[in-house]
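Asks: prediction below, plus the sequence it came from.
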Amino acid sequence: YSKRDCQFQPLPRSILCIEEHIASCNTVAGVAYGNFHFESRTYPEKALREVLLNAFCHADYQVNSPFMVKVYRDRIEVENPGGLLADITPQNILHHQPAPRNSLLVDALVRLRLVNRSNLGMSRMFEAFLIEGKQPPVLEEVGESVRITMRASSLYPEFCAFIADYSQKGRLFSVDELLVFHHLFSHLEVNIHDAASLSQRRQKDAEDILVKLNREGFLEREEDDLGIYWTLQPEIYQAITGAGYPKRSLRGKAKAAGPRIRNKLVRQVFGKEPRGNENEPRNIYFN
């Protein structure tokens, strides 16, 4: 590291001090797009504040281990001592009921209006990145500590304009919906299982999210021998990316490749050719 700072200060002052240290690498970029002008920091200030407060609130202060903030060229890692409580995991924390380790500390921060008791911190953290078209933070348990990693990425002005336009019309997207949109720009399609994993919801709830977006004209529902899946409405995809939607050509290649991949796997595992009619549909899903 090129710079190291270790301090003991009151918690609110510590947060301000950390933000001041990070400010030099958390630059502001201004982008004009159509009728909108967006200004964005590399790491959204709201998300950064939520990450720091979350770490301080849920740290285990009985463990003789420091609270760490590490700034790299392409990311920031915030790590606090103490693992996740109760049955909270990185896979369900987005909507899980809060389980504070330090109730008195949380109460003090609520009185200072720095946090709330509604478990909105994680949602706000994700939303701040997603509405700018950026990769959301990644939370993971590392031994007896919790680490949140925020990746440095550029503003996606086309997507920001899409969100801003609908916001002006009164249509505000939930974090679950933003996660689905974010997934579709890189994977082109999503099924119920993937949507449930992304949003950390039950499959029935995830299906309701997809059906709602389909009913409002944002998604298209498709079905073939590989199963049911949803894609972005082509006009929306083209308006945001400036490119035509390649879903049909990709699906055709995936279906054609199915028997070949299955044959190769069977030969590798069993050392012989597979039996049966190779024209029959296979239970293979390509993503």
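Replies: Nice, I can see it.
Asks: report the central residue of this protein.
Replies: The structure's the chain has its C-alpha centroid closest to P136; by CA atoms, centre = their mean the separation is 3.7 Å.
Asks: surely that residue and L179 touch.
Replies: Yes - at 7.3 Å, P136 counts as touching L179 under the criterion of CB atoms under 8 Å. All C-beta spots, glycine's among them, are computed from the backbone N, C-alpha and C.
Asks: please enumerate the shared neighbours of those two.
Replies: Taking CB atoms under 8 Å, 6 or more residues apart in numbering as the contact rule, P136 and L179 both touch 126, 130.
Asks: flag the shaky bits of the stretch 1-150 of the chain, pLDDT-wise.
Replies: Scanning the stretch 1-150 of the chain for pLDDT under 70 picks out 117-119.
Asks: which parts of it are strands?
Replies: Counting by DSSP state E, counting those that start in this stretch, the segments of the stretch 1-150 of the chain that form strands are 28-33, 36-41, 68-71, 75-81, 138-142, 145-151.
Asks: reformat those strands as a markdown table; add mean neighbour count and distance to P234.
Replies: Listed next are the strands of the stretch 1-150 of the chain as a markdown table, based on neighbours: other CB atoms under 10 Å; distance: least, CB to CB, whole Å:
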| stretch | mean neighbour count | distance to P234 |
| --- | --- | --- |
| strand 28-33 | 12 | 21 |
| strand 36-41 | 15 | 23 |
| strand 68-71 | 16 | 41 |
| strand 75-81 | 20 | 34 |
| strand 138-142 | 14 | 31 |
| strand 145-151 | 20 | 29 |
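Asks: what does stretch 130-137 contact?
Replies: For stretch 130-137, the surrounding residues in contact (CB under 8 Å, 6+ apart) are 38, 40, 44, 47, 51, 125-126, 129, 148-151, 153-156, 158-160, 163, 173, 175, 178-179, 181-182, 185.
Asks: in CSV, could you pull the C-alpha coordinates for that stretch?
Replies: In CSV, the C-alpha atoms belonging to stretch 130-137 read as follows (Å, rounded to 0.1, in the frame of the first residue of the first chain):
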residue,chain,number,x,y,z
LEU,A,130,-28.1,-0.4,-10.1
ILE,A,131,-29.9,2.8,-11.2
GLU,A,132,-26.6,3.9,-12.7
GLY,A,133,-26.2,0.7,-14.6
LYS,A,134,-23.3,-0.5,-12.4
GLN,A,135,-22.5,-3.8,-10.8
PRO,A,136,-24.0,-4.1,-7.4
PRO,A,137,-21.8,-4.7,-4.3
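Asks: in it, what counts as buried?
Replies: 130-134, 136-137 (16 or more other CB atoms under 10 Å).
Asks: same deal with stretch 187-201?
Replies: Within stretch 187-201, the residues that count as buried by 16+ other CB under 10 Å are 188-192, 194-196, 198-201.
Asks: quick one: end-to-end distance for it.
Replies: Using CA to CA, to the nearest Å, the end-to-end distance of stretch 187-201 comes to 19 Å.
Asks: show me what the mean pLDDT comes to for that stretch.
Replies: The pLDDT scores in stretch 187-201 average 94.
Asks: and the contacts of stretch 130-137, which of them are in helices?
Replies: If you go by DSSP state H, the contacts of stretch 130-137 have 47, 51, 125-126, 129, 158-160, 163, 175, 178-179, 181-182, 185 in helices.
Asks: and which of those residues is nearest H21?
Replies: V51 (14.2 Å; CB to CB).
Asks: which residues touch the closest one?
Replies: Counted by CB under 8 Å, 6+ apart, V51 has contacts 78, 125, 137, 148, 150.
Asks: using a markdown table, lay out those together with distance to A108.
Replies: Shown next, in a markdown table, are the contacts of V51 (distance: CB to CB, whole Å):
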| residue | distance to A108 |
| --- | --- |
| V78 | 20 |
| M125 | 21 |
| P137 | 25 |
| I148 | 22 |
| M150 | 26 |
